[in-house]
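*Asks:* Fold the following.
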Amino acid sequence: MAYTTIDKPSDYFNTVLWTGDGASSRGITGVGFKPDFVWLKRRDSTANQNVYDVIRGATKYILTDSTNAEATISDRLTSFDSDGFTVGDSGNTNASSATYVAWNWLADNTTGSSNTDGDITSTVSANTTAGFSFGLYTGNATNSTIGHGLGKKPEFILTKRRNSTGAWRTQHGSLGAAKTSQLNGTNAFTNSSAVYNNTEPTSSVFTIGTATSINASGGTFVFYAFTSIKGYSKFGSYTGNGNANGPMVYTGFKPAFVIIKRTNTTGSWKLFDNKRANPFNVIGVRLEANTSAAEGSSSTYDIDLLSNGFKLRGTSAEQNGSGSSFIYLAFAESPFVSSSGIPTTAR
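*Replies:* Here you go, the predicted structure:
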């Protein structure tokens, strides 16, 4: 069996950067595909983190750093295009001379189809090759299952209420079904049966409890689900040592994008990628999913992107606290070994 089925990870996930020009309509290209899910952030100034997807439709955004309901605005992301997307002149997307980043994922390039695998019918767009799906459902305030379309057990799930305020609920496979936290906050992961009903997801469904943030009667919700694909993505955990010679986390690929979250106590969701800093150096340039703050850079947050994983080089308690537990999400720049069994170039 081939080491990986994805020799070119940028066909399914890619990061793009741009500098704003103030135009009322600006095409952002270089993604390499028509994205189904776009997460974008202004880097040089305080500005919310905007999430868009093709099922909900262009102009409809949710903020990862807020509990706010979904909103519609005409001067941020206005369309999904064949090689990227178009933005308006909002300060969040195209202010003159401002700097921006967007992380982009490919699902099935449709606006979704009906999925009846769960107790609640969902509308789902799924890419089983890349281990990514997302969809919509309407709550019923009863412990229920939702079809996700991955064909494999999800290892990370994000869920957000759309029609009213509500926290971003998260579930990570390395922590078990009972523990959950909030993408919009620094909360530790704690037990809550009301969120994912203490139930492990399966290859066809995930379970939701009765919390209004995930299953209010008549509430509308969006979910994003991921599962590891060898050589392309990995969702796991590690224990920090508080040392600049920190733990090395094996992923089986050179990471392009890494998210880190402390689990046993409070800590921000740290976002690192290979485009916002020289990829051949240790990277301390970071954003945080739970805050609108501008991009920061400090050696205490350094990570080293290696050919087969990443190594903690900083001493920040939020990503390398001694004895603390951390989860991570990682997406590849290139696999460690190609589908033909040939190792890629090592550092």
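*Asks:* any weak-confidence spans in this structure?
*Replies:* 1-2, 278-281, 340-341, 344-347 (pLDDT under 70).
*Asks:* which residues of it fall in helices?
*Replies:* Under the criterion DSSP state H, the chain contains helices at 193-196, 212-215, 317-320.
*Asks:* Take these and lay them out in JSON lines including mean neighbour count.
*Replies:* In this view, the C-beta of every residue, glycine as well, is placed from N, C-alpha and C. Below are the helices of the chain laid out as JSON lines (neighbours: other C-beta atoms under 10 Å):
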{"stretch": "helix 193-196", "mean neighbour count": "21"}
{"stretch": "helix 212-215", "mean neighbour count": "24"}
{"stretch": "helix 317-320", "mean neighbour count": "23"}
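*Asks:* which stretch among these comes nearest Asp119?
*Replies:* Proximity to Asp119 (C-beta to C-beta) singles out helix 212-215 among the helices of the chain, at 10.7 Å.
*Asks:* neighbouring contacts of the closest one?
*Replies:* 139-142, 144, 159, 161, 166-167, 169, 195-196, 208-209, 219, 221 (C-beta atoms under 8 Å, 6 or more residues apart in numbering).
*Asks:* For ChimeraX, write a command that selects the buried ones of those.
*Replies:* Remark: buried members of these, expressed as a ChimeraX selection using 16 or more other C-beta atoms under 10 Å:
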select :139,140,144,159,161,166,167,169,195,196,208,209,219,221
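*Asks:* Mind checking which of the contacts of helix 212-215 are in strands?
*Replies:* Counting by DSSP state E, those place Ser144, Thr159, Arg161, Arg169, Ile208, Phe221 in strands.
*Asks:* Distance check, the first one against Asn320.
*Replies:* I take that to be Ser144. Ser144 sits 39 Å away from Asn320, going by C-beta to C-beta, to the nearest Å.
*Asks:* pretty sure Ser133 is in contact with Val222, am I right?
*Replies:* No: with contact defined as C-beta atoms under 8 Å, Ser133 does not reach Val222; the gap is 11.5 Å.
*Asks:* For those two, indicate the residue with more neighbours.
*Replies:* Ser133 (30 against 22; other C-beta atoms under 10 Å).
*Asks:* Chain neighbours aside, what residue packs nearest to that one?
*Replies:* Ala126 (3.6 Å; C-beta to C-beta, 6 or more residues apart in numbering).
*Asks:* Around that neighbour, count how many other residues there are.
*Replies:* Count around Ala126 with other C-beta under 10 Å applied: 24.
*Asks:* didn't it look like it was pressed against Phe132?
*Replies:* Yes: here Ala126 reaches Phe132: they are 7.5 Å apart, a contact under C-beta under 8 Å.
*Asks:* list the residues that contact both of the two?
*Replies:* Common neighbours of Ala126 and Phe132 (C-beta under 8 Å, 6+ apart) are Ala107, Leu150.
*Asks:* Distance-wise, check the residue nearest to Ser133 relative to Tyr301.
*Replies:* 34 Å.
*Asks:* cool, and Ser233?
*Replies:* On the measure of C-beta to C-beta, Ser233 and Tyr301 end up 22 Å apart.
*Asks:* Comparing those two, which residue is more hemmed in?
*Replies:* It is Ser233, of Ser233 and Tyr301, that has more neighbours when counted by other C-beta under 10 Å, with 27 against 22.
*Asks:* so what's that one up against?
*Replies:* Taking C-beta under 8 Å, 6+ apart, one finds Phe13, Ala130, Gly131, Phe226, Thr227, Leu329, Ala330, Phe331, Ala332 in contact with Ser233.
*Asks:* Same check on Trp18?
*Replies:* Arg26, Ile28, Thr99, Tyr100.
*Asks:* 7 Å instead?
*Replies:* Ile28, Tyr100 (C-beta atoms under 7 Å, 6 or more residues apart in numbering).
*Asks:* next one: Ile157
*Replies:* Thr170, Gln171, Pro201, Phe206, Phe223, Ala225.
*Asks:* How much space separates the fifth one from Gly173?
*Replies:* Think Phe223. Applying C-beta to C-beta, the value for Phe223 to Gly173 is 15 Å.
*Asks:* now do the fourth one
*Replies:* Going from Phe206 to Gly173 by C-beta to C-beta gives 11 Å.
*Asks:* Same drill for these two, tell me which one is more crowded.
*Replies:* A direct count of neighbours by other C-beta under 10 Å for Phe206 and Gly173 places Phe206 higher, at 24 against 20.
*Asks:* Wait, that one touches His148, no?
*Replies:* Yes: the pair Phe206 / His148 is scored as a contact, 5.8 Å apart, by C-beta atoms under 7 Å.
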